[in-house]
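Participant: Give me the fold of what follows.
(chains A, B, C and D)
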Number of protein chains: 2
Amino acid sequence: MIPSKNAPADPGLDHLHTDCRRVGEVLARIGDKWSVLTVMLLRKGPRRFNELKREIGGISQRMLTFTLRGLERDGLVTRTVFATVPPRVDYELTPLGHSLREPVEGLGNWAFAHIASIESARRAFDERQSPKGET
Amino acid sequence: MIPSKNAPADPGLDHLHTDCRRVGEVLARIGDKWSVLTVMLLRKGPRRFNELKREIGGISQRMLTFTLRGLERDGLVTRTVFATVPPRVDYELTPLGHSLREPVEGLGNWAFAHIASIESARRAFDERQSPKGET
DNA sequence: CAGAATCCCGGAAGATACTG
DNA sequence: CAGTATCTTCCGGGATTCTG
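Facilitator: The predicted structure follows:
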C-alpha cells in the first residue's frame, strides 16, 4: 500500500497531500450524481435494473447503466444475469461495496448535523451579494 | 422539502432516501475537483490566494476563485482582505470547515485501505471487456 | 497580488428510439 | 426487461487578457 520510496520527511505535509489526492480519486469515483445513492439503495439487498431506476427516481437508463457499470468495474457491485425469458439482472453490493457504507454515512451524518448552518451561511452570503431587490 | 402527499409508509426506507439525498448535497458541494483539496490544505492554517494556488498545483485562478467563493458561501472558510498596497487576502477555515476534516479523513482512510482492491477489480474488469488485442 | 471578464472546448448527462 | 446507440444540450473548467 505504502509507496516504498516516498519517505515522508515532513509526515504531516507530504502525507497530507498524498492523502488528499487519494480522497480526490475516491471522490471522483463516488462523487458523481448517482453512485452514492445507488450504493446506499443497494445496501438493503439486491435489486433489478428497473427496480433501482424507480427507487432512485429521476435517473435515466443511460446514467443508471453507466453508474452501475462503473461500480461494477471498481468491484463495488456484482451483476448477475438470469437467462430467463424476460431478462433479469440483479445488482448486489460486494463486501467492498458494503464497506463503503461507513465512511459515506460519516459524511451523511456530518451533512445532517450541519446542513442548517450551511444553508444559513449560504443565505447570509447571498444576501450580502444582493442586499436589495436585484432583478 | 418533503412532498406532502408522499406519505412514508416505510419509515426506514424514506429516511434512508432522505439521508442519501443529503449526502448527495454534500457530495455536490465537496465532490468537485478542488474543494476537498483546498479544505485540507487550509487546515494547516490561513493561506493567501497565490499560496494556495501554488500548494494545490494545477488549479487555475478561475477555479481557485470559484472554489474559495463556494466554500466561503457555505461558511466553510473566511475571506479576510487586507487593504495594503500589494493587496493581500487570507483564507482560513471556520470551525465548520474544520469539522469537515473528520468525515473527509474517514473517506480518505477508506480510499487508502481499498485503493488496491479497486484498482485490481478495475484491471480485471477491463481485461474481461477486451480479452485480447481489440483494435 | 488577487481577482474579474471573456472565449472556448470536451465531457457529463438528458431525451429518444431501437434491440435481444 | 435490460439494455445499446445516437443526438443534443449544458456546463465544468482551462487559457488568456485586463484591472484596482
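Participant: for chain A, which spans come out with low pLDDT?
Facilitator: A:1-21, A:131-135 (pLDDT under 70).
Participant: Let me see the ranges of the helices in chain A.
Facilitator: Per DSSP state H, chain A carries helices over the ranges A:11-30, A:35-42, A:49-56, A:61-73, A:95-99, A:101-129.
Participant: Briefly note if stretch A:58-71 comes near DNA strand D.
Facilitator: Yes: contact check for stretch A:58-71 against DNA strand D, using C-beta under 7 Å from any atom of the strand: residues in range are A:61-62, A:65, A:68-69. (C-beta placed from N, C-alpha, C; glycine too.)
Participant: sorry, back to before: could you single out the most deeply buried of the helices of chain A?
Facilitator: Counting by mean count of other C-beta atoms under 10 Å in any protein chain shown, helix A:35-42 has the highest mean neighbour count of those, with a mean of 23.
Participant: Touching it from outside, list them.
Facilitator: With C-beta atoms under 8 Å, 6 or more residues apart in numbering or on different chains as the test, helix A:35-42 has contacts from A:29-30, A:47, A:52, A:55-56, A:64, A:67-68, A:70-71, A:76-77, A:91-93, A:97, A:100-101, A:104, B:16, B:19-21, B:23-24, B:27.
Participant: Stretch A:48-60 too?
Facilitator: A:34, A:37-38, A:41-42, A:47, A:61, A:64, A:67-68, A:88-91.
Participant: Get me the contact residues on chain A for DNA strand D.
Facilitator: Taking C-beta under 7 Å from any atom of the strand, the part of chain A that reaches DNA strand D is made up of A:48-51, A:61-62, A:65, A:68-69, A:79, A:86-89.
Participant: now the residues you listed in TSV, with distance to B:Phe125?
Facilitator: Putting the residues of chain A next to DNA strand D into TSV (distance: C-beta to C-beta, whole Å) gives the following:
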residue	distance to B:Phe125
A:Arg48	21
A:Phe49	18
A:Asn50	23
A:Glu51	23
A:Gln61	21
A:Arg62	19
A:Thr65	15
A:Leu68	12
A:Arg69	9
A:Arg79	10
A:Pro86	27
A:Pro87	21
A:Arg88	22
A:Val89	16
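Participant: of those residues, closest to B:Ile118?
Facilitator: Each of those was checked against B:Ile118 using C-beta to C-beta; the closest is A:Arg69, at 14.5 Å.
Participant: rewinding a little: quick one: which of the contacts of stretch A:48-60 is nearest to DNA strand C?
Facilitator: A:Gln61 (5.8 Å; C-beta to the nearest atom of the strand).
Participant: State the distance from the closest one to A:Asp32.
Facilitator: From A:Gln61 over to A:Asp32 the distance is 16 Å, taken as C-beta to C-beta, to the nearest Å.
Participant: coming back round to it: between the contacts of stretch A:48-60, which sits nearest B:Phe125?
Facilitator: A:Leu68 (12.3 Å).
Participant: Surely that closest one and A:Leu76 touch.
Facilitator: No: assessed by C-beta atoms under 8 Å, A:Leu68 is found out of contact with A:Leu76, at 9.7 Å.
Participant: ok, the residues of stretch A:58-71 next to DNA strand D vs chain B, which is closest?
Facilitator: Among the residues of stretch A:58-71 next to DNA strand D, A:Arg69 lies closest to chain B (C-beta to the nearest C-beta), at 8.8 Å.
Participant: any idea how far that closest one lies from B:Gly75?
Facilitator: Between A:Arg69 and B:Gly75 the computed distance is 37 Å (C-beta to C-beta).
Participant: Next: A:Leu76.
Facilitator: Applying C-beta to C-beta to A:Leu76 and B:Gly75 gives a distance of 32 Å.
Participant: If you drop the residues flanking it in sequence, what lies closest to A:His98?
Facilitator: A:Arg43 (6.7 Å; C-beta to C-beta, 6 or more residues apart in numbering or on different chains).
Participant: what sits against that neighbour?
Facilitator: Contacts of A:Arg43 (C-beta under 8 Å, 6+ apart): A:93, A:97-98, A:101.
Participant: How about A:Glu102?
Facilitator: B:106, B:110.
Participant: ditto for A:Val85
Facilitator: Contacts of A:Val85 by C-beta under 8 Å, 6+ apart: none found.
Participant: Also the one 5 residues further on?
Facilitator: Residues in contact with A:Asp90 (C-beta under 8 Å, 6+ apart) are A:46-48, A:79-80, A:82.
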